[in-house]
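[1] okay, here's the prediction I keep looking at, along with the sequence it came from:
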Amino acid sequence: MRGFQRTPAHTGKEGLFRLVRLAYSRYSEEVPTRLKSYHRFTLDFINSNQYHDDTDAWSKNEHQKNYRIVAELLTNHEKMVRRYFDCDLLNEQAINNLLNEFYASDLPELMTPDGSVTDTINAVCDNTITLYDDHTIDLIVRLANEVNLFTEVLDVNETIRRYKRRELRTVTSSNNSRLALVFDRLSFHNIIPYNWQSLIEREKYVLSSTGNKYLNKHDLASTLHRIKDMPLSPQNKKVLSVVDGYVRLIKDRENKQE
């Protein structure tokens, strides 16, 4: 039998922010490290934070309200949560922004004086593509060169050096469909962030294969949707086979370090 440890109710704004910080901490430990999927992390967090030891009605009601807010946020707004939780730091202002965006998610869109629709989804942190070590970067660079992801041939040492200084240079896509396919696969395995499309747009990392514009998240999302809406070509199957080989190398390395 475990020793008794009192669990307080999460009440008021402070309690709500504390629950979000707990979720962020658990997410950071479990999801980017591939210990758990996002779905499993969400279920476990919700199931392990429902009850408390306070007995008065106010505490029960306040805790239940805050608990339900965080449960709905995690369950129904994965993309929103990942944009904030993939940041290196989640301070009070970021939590406030996350909750405000969540509260506004079911409100009707507002029109500006010029007739355009306001956009509530902005960059929430200054993350670049966050990787684990030089070995991972090395393998991703080798993958990019092997599948001819960019017109430029990337140098491993230069890329590692630029990454550490947050000075990754702009490269040109050899084929936009191939780039979207490869990055989507890496994101699926949590090797690059879930919000890679937004990062590419914000940092102007990649020029389109035409060379006349920077790729944005709309370009990448629509390209990816088109690819997934039809059977994979033999060429794309071959590309994904190469990607999966590198994914195994990265995961094998991480498993050995645990």
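    It's in.
[2] alpha carbons only for contacts and neighbour counts from here, please
    OK.
[3] where does the prediction get shaky in this protein?
    In the predicted model, the chain carries pLDDT under 70 at residues 1-4, 108-132, 254-258.
[4] so which residue is dead centre in it?
    For the chain, the residue nearest the mean C-alpha position is residue 194 (3.1 Å; C-alpha atoms, centre = their mean).
[5] surely that one touches residue 82?
    Yes - assessed by C-alpha atoms under 8 Å, residue 194 is found in contact with residue 82 at 6.8 Å.
[6] pull the distance from the helix ranked longest in the chain to the chain's centre.
    Counting residues, the longest helix found in the chain (DSSP state H) is helix 234-257. Taking C-alpha atoms, centre = their mean, to the nearest Å, one finds helix 234-257 lying 20 Å from the centre of the chain it belongs to.
[7] can you give me the helices in the stretch 151-258 of the chain?
    156-164, 176-188, 196-203, 217-228, 234-257 (DSSP state H, counting those that start in this stretch).
[8] what's the angle from the last one to helix 176-188?
    This means helix 234-257. Counting by axes from the mean of the first three to the mean of the last three C-alpha atoms, to 10 degrees, helix 234-257 lies at 30 degrees to helix 176-188.
[9] contacts for helix 234-257?
    With contact meaning C-alpha atoms under 8 Å, 6 or more residues apart in numbering, helix 234-257 is reached by 135-136, 139-140, 143, 147, 178, 181-182, 185-186, 189, 191.
[10] nearest to residue 51 among these?
    residue 189 (33.0 Å; C-alpha to C-alpha).
[11] so who does that closest one touch?
    34, 247.
[12] now do it against residue 162, distance only.
    24 Å (C-alpha to C-alpha, to the nearest Å).
[13] now the residue nearest to the centre of the chain, nearest residue through space, not along the chain?
    Leaving aside its chain neighbours, residue 194 sits nearest to residue 187 (5.5 Å; criterion: C-alpha to C-alpha, 6 or more residues apart in numbering).
[14] how many neighbours does that neighbour have?
    If you count neighbours by other C-alpha atoms under 10 Å, residue 187 ends up with 15.
[15] wait, it touches residue 197, no?
    No - with contact defined as C-alpha under 8 Å, residue 187 does not count as touching residue 197 (10.1 Å).
[16] how does this protein divide into domains?
    Using automatic domain parsing, the domain ranges for the chain come out as 12-104, 134-257.
[17] residue 5 is nearest to which of these?
    Among the domains of the chain, the nearest to residue 5 by C-alpha to C-alpha is domain 12-104 (9.5 Å).
[18] can you give me the end-to-end distance of that closest one?
    First-to-last residue span, domain 12-104, C-alpha to C-alpha: 20 Å.
[19] so how far is that domain from its chain's centroid?
    16 Å.
[20] give the contact list for residue 214.
    Taking C-alpha under 8 Å, 6+ apart, one finds 201, 204-208 in contact with residue 214.
[21] try 6 Å this time
    Residue 214 makes contacts with 206-208, as judged by C-alpha atoms under 6 Å, 6 or more residues apart in numbering.
[22] cool, and residue 33?
    Counting by C-alpha under 6 Å, 6+ apart, residue 33 has no contacts.
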